[in-house]
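1. For reference, the sequence and a predicted model appear below.
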Amino acid sequence: MDLFIGFRRIDSVKFPVLVLGGYGNFGGKISESLAITQGISVTVAGRSKQKSELFADQLRQRTGGKIDSVVLDINKKDFKDKIARTGVKLVIHSSGPFQGQNYDVAQACIESGIHYIDLADGRSFVNGFDRLDAKAKENNVLAVTGASSVPGLSSAVIDEYFSAFQELNEIHYGIAPGNRADRGEATVKAILSYTGRQFKRWQNSQWEDTYGWQEIHRYKFPDPVGRRWLASCDIPDLELFPGHYPSLKTVRFYAGLELGSLHLGLWLLSWLSRFRFVDNWSRYSKLVTRMSCWFQGLGTDIGAMYIQLKGIDLNGQPKILRWNLIAEDGHGPQIPTIPSIILAKKIAAGSLQEKGAKACVGLFSLMDFTEETRMWNIWQQVDEY
């Protein structure tokens with residue numbers, strides 16, 4: 001049975017999910033994963049009618065799923081009215097970067113009685129999201145921010161191994177994508193927004209100042225990745241985790257580019273920003289993204305992530321646990337999308353009943369993540385010392 005609601009047709013049997021930026025780098029992967037999920041119908045949404053219709057048609061051909069498309073611009077005044085008229089029950093917002101975005105999209109969804117998930121990794125965006133909590137509870141919906149690699153996956157990993165520690169004192173972690181992997185301008189713009197800029201980090205039980213894309217060093221991942229360059233980055237976890245894990249004394253996060261020339265080049269740019277020769281590199285994101293594509297044939301398509309936990313074990317002895325995640329065959333860009341996919345499936349199935357507005361911490365397990373990665377060449381390794 002179909003019901004005509006607003007300006008499009010909704011399948012009354014399937015759980016309707018709309019993906020903002022649904023034909024983009026991350027949104028396209030989310031749309032495709034949900035399109036092959038039983039009990040879910042997908043609407044691909046974006047600013048371009050041509051792109052959204054084309055991608056929806058391609059998805060229908062590939063998956064045989066229930067796919068619709070709609071033109072939506074989050075910056076237009078009529079966005080709230082249009083999203084309310086779609087008849088969907090969940091919106092996944094993948095149109096980053098979230099650095100500098102406001103909460104208009106989330107508020108429009110909440111006030112329309114629509115569940116909301118985003119992939120935000122902007123520190124101020126994620127950490128201020130709980131201001132929407134009362135309104136979300138009043139409207140009986142769940143609104144989740146940061147359903148991505150951080151803080152979604154990072155917190156799931158920490159929660160999985162937290163019980164192995166009597167006291168967890170330090171978290172050091174990082175992400176190193178393969179150079180041949182798909183890249184989007186939104187990700188590049190997010191990184192450039194804090195390159196060379198000052199931010200605070202929890203270090204030795206106090207807040208200290210550090211700078212984006214500095215403190216460069218190399219980390220040895222398991223084979224076939226090997227050593228990769230990393231540099232300091234600003235993410236929501238740096239502010240979320242000291243409060244969530246009270247015994248923490250230090251939290252550090254890094255990211256890196258596989259090609260040393262590109263990584264060190266960005267490090268040099270960070271100094272120009274640190275000394276105020278350039279205020280904010282994000283305004284050059286289109287140019288930097290195009291230039292990075294010149295080198296996309298070099299390096300590998302293997303991405304990696306690590307999380308190192310350090311503290312005191314249950315016997316009162318020092319303990320280090322190191323979790324590594326390796327994504328081969330160009331499957332690394334799937335990882336940031338998986339937390340939102342897990343939550344969408346849980347909401348659709350009715351197994352996630354929580355209401356309110358919160359960061360993506362404690363909403364899914366590492367086992368949930370592992371199950372979702374079985375179709376990809378993504379594997380984990382844990383070492384303890």
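-> Nice, thanks for sending it over. Numbers count the residues shown, from 1 in each chain.
2. What are the buried residues along stretch 375-385?
-> With burial defined by 16 or more other Cβ atoms under 10 Å, the residues of stretch 375-385 counted as buried are W376, I378. All C-beta atoms are positioned from the backbone trio N, CA, C, and that covers glycine.
3. helix/strand/coil for T300?
-> Assigned with DSSP: H, G, I helix; E, B strand; the rest coil, T300 falls in the coil class.
4. Return the residues in contact with it.
-> Contacts here follow Cβ atoms under 8 Å, 6 or more residues apart in numbering; on that basis T300 touches G178, N179, R180, P224, E258.
5. F277 and G196: what is the separation?
-> 9 Å (Cβ to Cβ, to the nearest Å).
6. quick one: which of those two has more around it?
-> Shown here are F277 and G196; by other Cβ atoms under 10 Å, G196 has more neighbours (25 against 10).
7. The more buried one touches S232, doesn't it?
-> No. Taking contacts as Cβ atoms under 8 Å, G196 lies outside contact range of S232: 10.7 Å.
8. Need the residues touching each of the two.
-> Shared contacts of G196 and S232 (Cβ under 8 Å, 6+ apart): Y211, G212, W213, Q214.
9. surely the third one meets A231?
-> The reference is to W213. Yes. W213 is within contact range of A231, at 4.4 Å (criterion: Cβ under 8 Å).
10. residues shared between the contacts of those two?
-> Common neighbours of W213 and A231 (criterion: Cβ under 8 Å, 6+ apart): L266, W267, S270.
11. can you list those residues in JSON lines and add distance to V70 and pLDDT?
-> Shown next, in JSON lines, are the shared contacts of W213 and A231 (distance: Cβ to Cβ, whole Å; pLDDT from 0 to 100):
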{"residue": "L266", "distance to V70": "37", "pLDDT": "96"}
{"residue": "W267", "distance to V70": "42", "pLDDT": "97"}
{"residue": "S270", "distance to V70": "40", "pLDDT": "97"}
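12. Which of the residues you listed sits closest to D301?
-> L266 (20.3 Å; Cβ to Cβ).
13. list the contacts for the closest one?
-> Taking Cβ under 8 Å, 6+ apart, one finds I191, T195, W213, A231, L257 in contact with L266.
14. Most widely separated two among the residues you listed?
-> Based on Cβ to Cβ, the longest span within the contacts of L266 runs between T195 and L257 and measures 11.8 Å.
15. quick one: F162 is in a strand?
-> No. Counting by three-state DSSP, F162 falls outside a strand, being helix.
16. Surely it touches P246?
-> No. Proximity of F162 to P246 does not meet the contact threshold set by Cβ under 8 Å, at 11.6 Å.
17. So which of the two has more stuff around it?
-> The residue with more neighbours, out of F162 and P246, is F162; 15 against 8, by other Cβ under 10 Å.
18. Just give the closest residue to that one, not the sequence neighbours.
-> Leaving aside its chain neighbours, F162 sits nearest to L168 (6.2 Å; criterion: Cβ to Cβ, 6 or more residues apart in numbering).
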